[in-house]
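A.B. asks: When you get a sec, could you give me coordinates for this:
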Amino acid sequence: MTLMKRSIAELIGTFWLVLGGCGSAVLAAVFMAGSNDIGIGLLGVAFAFGLTVLTMAYAIGHISGCHLNPAVTVGLAVGGRFSFAEAPAYIVAQTVGAILAAYLILFIASGTEGFTLTASSLAVNGYGELSPGKYGMTAGLVTEVVMTAMFLFIILGVTDKRGTAVAGGLAIGLTLTLIHLISIPVTNTSVNPARSTGPALVLALSGEGKALAQLWLFWVAPIVGAALAGVIYRWFEQDARD
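C.D. replies: Just a heads-up that it's a prediction; the model follows:
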């Protein structure tokens, strides 16, 4: 399949990830407006992110590989599973998909009475004052590196031809759920530069630029973690290649 078609599949998939994950956090995580019903909370948001990856793995995994994440694309390239030459097209498509989803979430959220745009709206990622638990930059950096490294290590293992997994999409989706359960209080969980860019950019264009100023961490840390996982898993494959 052409790179253009595969990239468009990545755009659609990442759009769904941000719409489902960030959308659940913005629209359903807290008390519902005008009612006494409680929201889905941290557990619900974590599962929402996992479900987006799970569903798209089966929808577009056979088309594009279902990366949905610049860090995954880089990690797979470092691990020898994807072409470095094709990575930029995937990364651009993923980022555009995330931005479109963030705009849609803002449009929907602003349709309720009393909606107010703040620096932490749209489920942005951040540290310090933008961290749900007010964790500092170092804690956020380490968390994002480690969580992304583990995410990529599991992806590489699940998709290894020598493996026995018959439900790779399920394993990867549950991994992302677990990652969110661990790290939502720290950074609101990124492990995905595109997911971080969409909400941060849309907020900045709406006059709230604090998340955009912290966005560098959510590109650097996930990509470093993903590349590290790619190198480590490639070492485990060395005996098989020899």
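A.B. asks: Where does the prediction get shaky in this structure?
C.D. replies: For the chain, applying pLDDT under 70 flags the ranges 30-38, 164-166, 240-242.
A.B. asks: tell me the centre residue of it?
C.D. replies: By CA atoms, centre = their mean, the chain has its centre lying nearest to residue 192, at 3.7 Å.
A.B. asks: residues contacting it?
C.D. replies: By CB atoms under 8 Å, 6 or more residues apart in numbering, the contact list for residue 192 reads 17, 68, 69, 70, 71, 72, 218, 222. (Glycine included, C-beta is placed from N, CA and C.)
A.B. asks: So which of these are in helices?
C.D. replies: Residues of these located in helices (DSSP state H): 17, 70, 71, 72, 218, 222.
A.B. asks: Pick the one among those residues closest to residue 126.
C.D. replies: The shortest approach to residue 126 among the ones in helices among the contacts of residue 192 belongs to residue 218, at 8.5 Å (CB to CB).
A.B. asks: Give me the neighbour count for residue 141.
C.D. replies: 18 (other CB atoms under 10 Å).
A.B. asks: I figured it was touching residue 222, is that so?
C.D. replies: No - if you go by CB atoms under 8 Å, residue 141 and residue 222 don't touch, sitting 10.4 Å apart.
A.B. asks: For this structure, which segments count as helices?
C.D. replies: 3-27, 41-64, 70-78, 87-109, 137-158, 168-187, 193-205, 210-213, 217-241.
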